[in-house]
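[1] Sharing a model prediction with you, sequence too.
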Amino acid sequence: QVQLVESGGGSVQAGGSVRLSCAASGYTISNYCMGWFRQPPGKEREGVSRINGYGATTYADSVKGRFTISKDNAENTLYLQMNSLKPEDTGVYYCAAASDSRCWGFVGFHYWGQGTQVTVSS
């Protein structure tokens, strides 16, 4: 059974940094595409970043240059380092995993974590 457990969310002031973690069990993250999504208050969930089974990364335009996605294969954990945070980065952040080593945009993610709240105040 695949389980994804996010941690690291919280409240931070604009300009600050937060690192999110996603610990996986029942699933070897090194082999597959994984991603981070977020759902701002009152809005649809959106893709933030993804990393495929070969280590190639992609970012939404809104976070390019500020966020970094990475995998620690030894720890079987996915990370999202978020710097220079803005109030519009506020939302519930979700970790997700696909069943393919390639990423097909921000679709095809079958496994989801429970989410962790990030609140950025101005």
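    Received it, and whenever you're ready, just let me know what you need. This structure is a prediction, so every number in the text was calculated from the model and none was measured.
[2] Per-residue pLDDT of E88, please?
    For E88, the model assigns a pLDDT of 97.
[3] What's the separation between it and S49?
    From E88 over to S49 the distance is 16 Å, taken as Cβ to Cβ, to the nearest Å. The way it works is simple: take the backbone N, C-alpha and C, and place the C-beta from them, glycine included.
[4] Comparing the two, which residue is more hemmed in?
    Counted by other Cβ atoms under 10 Å, E88 and S49 do not tie: S49 has more neighbours, with 23 against 11.
[5] what about the more buried one, is that helix, strand or coil?
    Using DSSP: H, G, I helix; E, B strand; the rest coil, the structure places S49 in strand.
[6] So what pairs up with it in the strands?
    W36, Y59 (DSSP bridges).
[7] In contact with the residue positioned nearest the centre of the chain: list those residues for me.
    Closest residue to the average C-alpha location of the chain: W36 at 2.3 Å, with Cα atoms, centre = their mean. For W36, the contact set (Cβ atoms under 8 Å, 6 or more residues apart in numbering) comprises 20, 22, 47-50, 69, 78, 80, 93-96.
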